[in-house]
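# Build the 3D model from these lines:
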Amino acid sequence: MTGNHLASLPRGWRWRQFSECARLINGRAYAQEELLDTGTPVLRIQNLNGGDSWYFSDLHYHLLEWITERVKSASHGVAMLHMTKAGMEAWPVALPALLEQRRIAEVLDRAEALRAKRRTALVQLDNLNQSIFLDMFGDSHDFKTSALAELCELITDGTHYTPEYSGDGVLFLSARNVVSGYVDWERVKFIPESLHRELQRRVAPRVNDVLLAKNGTTGIAAIVDRDCVFDIYVSLALLRAKNGLLPVYLHAALNSPMCAKQFRDALKGIGVPNLHLNEIRKTRIPDPPISLQHQFVCRRAAVEKLKTAQRGSLAQLDALFSALQDRAFRGEL
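Numbering: from 1, shown residues only. Got it, this is the predicted structure:
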């Protein structure tokens, strides 16, 4: 599709508006005070971001996934891309006959199944890391516990003011960048250099610091694995380990069930959950000898090597799947 001109299609294909293929219904815009901790679940956009658990063996799903990037490019909004319902309904979609739709769906389903296997393998490796931690430091062991305030030389958070973002400049991370348990260096925002200099006077993150999501999505930690300059928002706490506490061990402890329970018990706020710094400082973790921490780091490194290989394979499958989608919905599959 170029400008307002629709590309020619293979025989048996027709251009249709998206409204002819699916019924679109807008969700309700809930006020913040209507979002409670209990009651009927409310599905919001953040429940779908990175939606590894959402699979449908149906051409509609594959079609929606394919046009998502095209819809994004036509959307408006800076902080959050937005497409109106009317704009979605008018979106042109190329559709083949029903028999061809089924064939395309079967091909894409098979490719999606391979991607799903890789994602499942990554989840299982994450579980293995957790099992290693619990096997070495869980409740069955009699290690003394210490408060994070005793084990860290610094526990603070990012700026409490919403910054002025820019198209480039200095990297700016928030809780959304750590929800996978790793720092997402791709979906980042930027702030001007002048604001960065001001924020660095309060906290200057560095490699091997541990970032902990403390607002909204809470209790998920990620270790800073790059030696680069960046700033953080109030939704992130920063923990810097003292000598005698390995950052990789701290990262694993923060993501463990024992910390998760303490964080849940300490959550403040009715609408958006908020984990206060004082509660983080009081959180207790096992304090094993440094030699055992090193053993854990070595065992974890072996698992991480496997995860790196799985991620590489998944990236290749994602690229293949994207190419298949492009060919499929151009009538070239």
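
# Disregarding residues adjacent in the polypeptide, which is nearest to residue 136?
Spatial nearest neighbour of residue 136, chain neighbours left out: residue 296 (5.5 Å); criterion: CB to CB, 6 or more residues apart in numbering. (C-beta placed from N, C-alpha, C; glycine too.)

# Can you classify that neighbour by secondary structure?
helix (DSSP: H, G, I helix; E, B strand; the rest coil).

# Pairing partners for the helix or strand where residue 211 lies, with directions?
Counting by DSSP states H and E, the element that carries residue 211 is strand 210-213. If you go by DSSP bridges, strand 210-213 pairs up with strand 221-223 (antiparallel), strand 236-241 (antiparallel).

# Pull the number of nearby residues for residue 231.
The burial count assigned to residue 231 is 26, neighbours taken as other CB atoms under 10 Å.

# Check the secondary structure at it for me.
Following three-state DSSP, residue 231 is assigned to strand.

# Within the helices and strands, which one has the nearest residue to it once chain neighbours are set aside?
Using CB to CB, 6+ apart and skipping residues adjacent in sequence, the residue nearest residue 231 is residue 199, 4.6 Å away. Element membership for residue 199 (DSSP H and E) is helix 193-200.

# hey, C-alpha coordinates of that helix in PDB?
Output of helix 193-200 as PDB, limited to C-alpha atoms (Å, rounded to 0.1, in the frame of the first residue of the first chain):
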ATOM      1  CA  GLU A 193      21.800  16.500  29.000                       C
ATOM      2  CA  SER A 194      21.000  19.500  31.200                       C
ATOM      3  CA  LEU A 195      18.400  17.500  33.200                       C
ATOM      4  CA  HIS A 196      20.700  14.500  33.400                       C
ATOM      5  CA  ARG A 197      23.400  16.600  35.100                       C
ATOM      6  CA  GLU A 198      20.800  17.700  37.700                       C
ATOM      7  CA  LEU A 199      19.500  14.200  38.300                       C
ATOM      8  CA  GLN A 200      23.100  12.700  38.600                       C
END
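
# Just the buried positions in that helix, please.
195-196, 199 (16 or more other CB atoms under 10 Å).

# Would you format those residues as TSV with pLDDT included?
Below are the buried residues of helix 193-200 laid out as TSV (pLDDT from 0 to 100):
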residue	pLDDT
195	94
196	95
199	93
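
# Nearest to residue 257 among those?
Closest to residue 257 out of the buried residues of helix 193-200 is residue 199 (33.6 Å), distances taken as CB to CB.

# Show the contacting residues for that closest one.
158-159, 163, 191, 231 (CB atoms under 8 Å, 6 or more residues apart in numbering).

# One more pass at 10 Å, please.
Counting by CB atoms under 10 Å, 6 or more residues apart in numbering, residue 199 makes contact with 158-159, 161, 163, 170, 172, 191, 205, 230-233.

# I'd like the residues you listed as JSON lines, with distance to residue 254 and pLDDT appended.
Output for those, formatted as JSON lines (distance: CB to CB, whole Å; pLDDT from 0 to 100):
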{"residue": "158", "distance to residue 254": "17", "pLDDT": "94"}
{"residue": "159", "distance to residue 254": "22", "pLDDT": "93"}
{"residue": "161", "distance to residue 254": "26", "pLDDT": "91"}
{"residue": "163", "distance to residue 254": "26", "pLDDT": "90"}
{"residue": "170", "distance to residue 254": "26", "pLDDT": "95"}
{"residue": "172", "distance to residue 254": "22", "pLDDT": "96"}
{"residue": "191", "distance to residue 254": "26", "pLDDT": "95"}
{"residue": "205", "distance to residue 254": "16", "pLDDT": "96"}
{"residue": "230", "distance to residue 254": "20", "pLDDT": "96"}
{"residue": "231", "distance to residue 254": "21", "pLDDT": "96"}
{"residue": "232", "distance to residue 254": "16", "pLDDT": "95"}
{"residue": "233", "distance to residue 254": "18", "pLDDT": "94"}
